[in-house]
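1. fold the following.
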Amino acid sequence: MSDSLRILHVVNYAWPRIDGYVVRTMGLLGAQQAILGADVSLAVSPFAPFAHGADPDFKLPAWGPHMQHAAVPDASPREWERPGLGLSPLTSRAFAQGIERIARDVRPDVIHAHHPHFIGSAAMRAARSLDIPFVYEARCFNGDYDLDRKNPYARLRGHLFNALEYRLARSADAVVTISDGLARRLTEHKVDPNRLFVVRNSVDAERFEPGIRREPSNEVRVGYATSFEAIENLDALVEAAALAAPHYASTGRRLRVIIAGAGRDWDRIRSLVEAHGVDDVVELPGFVPYGDMPDFYRNLDLFVVPRGHATVAADTTPLKPLEALATGLPLLSTDLPALRELCSERDDVRWSEPTARGLAQGLIAYADTPWVGAGVLAERTWKREIARYPDVYACATRHAAHS
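-> All right, here's what the predicted structure looks like:
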């Protein structure tokens, strides 16, 4: 790939927000700049962010206010607009015009938009207007969040949201996704496999490395960091802590389960901790700034991923387990397809059923026979995965030239 390749990324939200969506964007831009030698720019939408946390102090050479452009400064969607359903004509038009303005200034060789579809559709409109190759990156299908609901309207909304994702992916010059499961769904919905690429979630191995760990003690610290949402199955983790704590106490040790993060479910989980009487076992420290996450991991003995059966969790691979593994932590994870795809070949991962009893059994197994973390994650670093993008952009350029 030429060192002079210019890439304009288009995202829903970016700095100072922080969640898995942002962390992948951050890692991707940094690796394209540092490893591929690309000239990267970032356009940010006027739509509301999904992230609940923010870390304005965390900045990198390729991450921060200096890297991004507001496509529609000082604007927000109208209250009546519903972008997930494709009903945001005024804001989407202004957004596309803003992307065009930014593109005329930075003169990108490719416009690379990231889900959801109402971000990608505006970016594609700008790319087509300027005759620039267009790449769409679908890291998740947000409509999946509605598919498990009992409300028939919500399920219909989820199907429509996803249908718009598939339609956009079929129109893009090249498509990127993060897992084999998501790639399979895209091909099932008629996305050309010759224009579809899997670039997996990855970590910055220089930031997330084993380092100095906490001193051994009779307190066993198990942790998870997440958005407090229903799919994370935190109910089961709280109940599992209540079930496993007596076993730890019988061996002269104390179980401490730290669940960090923020979100819509925080108050309910806090009430559940009180209802189970495990205030002395389960700690809810709230949002941990991203700059502090390496230390958060190094102060644990075991990282746990309690995700439950949910449509959105089946194929979408999370980032936090990779960060934890890279810092040298062993992992206890529920046995879901996406998590198997992420970690199935590692010896420092154990699996459990996504139930309170299954997680408790895993915690007890760790108490009886602890396993250790390998601290090596060469298969999931940006240094390796970033090398897949030149083929993505070459494909998009070829397809755009023949369209």
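2. residues near residue 79, how many?
-> 6 (other Cβ atoms under 10 Å). Backbone N, C-alpha and C define where each C-beta goes, glycine included.
3. now do the contacts for the residue lying closest to residue 88 once chain neighbours are set aside.
-> What sits nearest to residue 88 in space, not counting adjacent residues and going by Cβ to Cβ, 6 or more residues apart in numbering, is residue 81, at 3.9 Å. Listed by Cβ atoms under 8 Å, 6 or more residues apart in numbering, the contact partners of residue 81 are 87-91.
4. what's in contact with the helix or strand bottoming out on mean pLDDT in the chain?
-> For the chain, counting by mean pLDDT, DSSP states H and E, strand 53-54 ranks last in confidence among helices and strands (a mean of 88). Residues from elsewhere that reach strand 53-54 (Cβ under 8 Å, 6+ apart): 16-19, 227, 261-262, 287.
5. what do you get if the cut-off is 10 Å, keeping everything else the same?
-> Strand 53-54 is contacted by residues 13, 15-19, 22, 227, 260-263, 286-290 when judged by Cβ atoms under 10 Å, 6 or more residues apart in numbering.
6. columns distance to residue 302 on top of the contacts of residue 81, output as CSV?
-> Below are these laid out as CSV (distance: Cβ to Cβ, whole Å):
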residue, distance to residue 302
87, 45
88, 44
89, 50
90, 50
91, 45
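7. top of those residues by number of neighbours, please.
-> residue 88 (22 neighbours).
8. can you pull the contacts of it?
-> Applying Cβ under 10 Å, 6+ apart to residue 88 gives the contacts 46-47, 77-78, 80-82, 94-95, 118, 121-122.
9. all helices of the stretch 301-403 of the chain, in order?
-> Remark: helices assigned in the stretch 301-403 of the chain by DSSP state H, counting those that start in this stretch are 311-315, 320-326, 337-343, 356-368, 382-385, 389-401.
10. over to the stretch 51-200 of the chain?
-> Taking DSSP H, counting those that start in this stretch to define them, one finds helices in the stretch 51-200 of the chain at 89-106, 117-130, 144-147, 152-171, 180-188.
11. and among these, the most buried is which?
-> A comparison of those by mean neighbour count, using mean count of other Cβ atoms under 10 Å, puts helix 117-130 on top with a mean of 24.
12. packing partners of that one?
-> When contacts are defined as 3 or more Cβ pairs under 10 Å, 6 or more residues apart in numbering; DSSP states H and E, helix 117-130 packs onto strand 6-11, strand 39-44, helix 89-106, strand 110-114, strand 134-138, helix 152-171, helix 389-401.
13. rerun that using 6 Å as the cut-off
-> Under the contact definition 3 or more Cβ pairs under 6 Å, 6 or more residues apart in numbering; DSSP states H and E, helix 117-130 sits against helix 89-106, strand 110-114, strand 134-138, helix 152-171.
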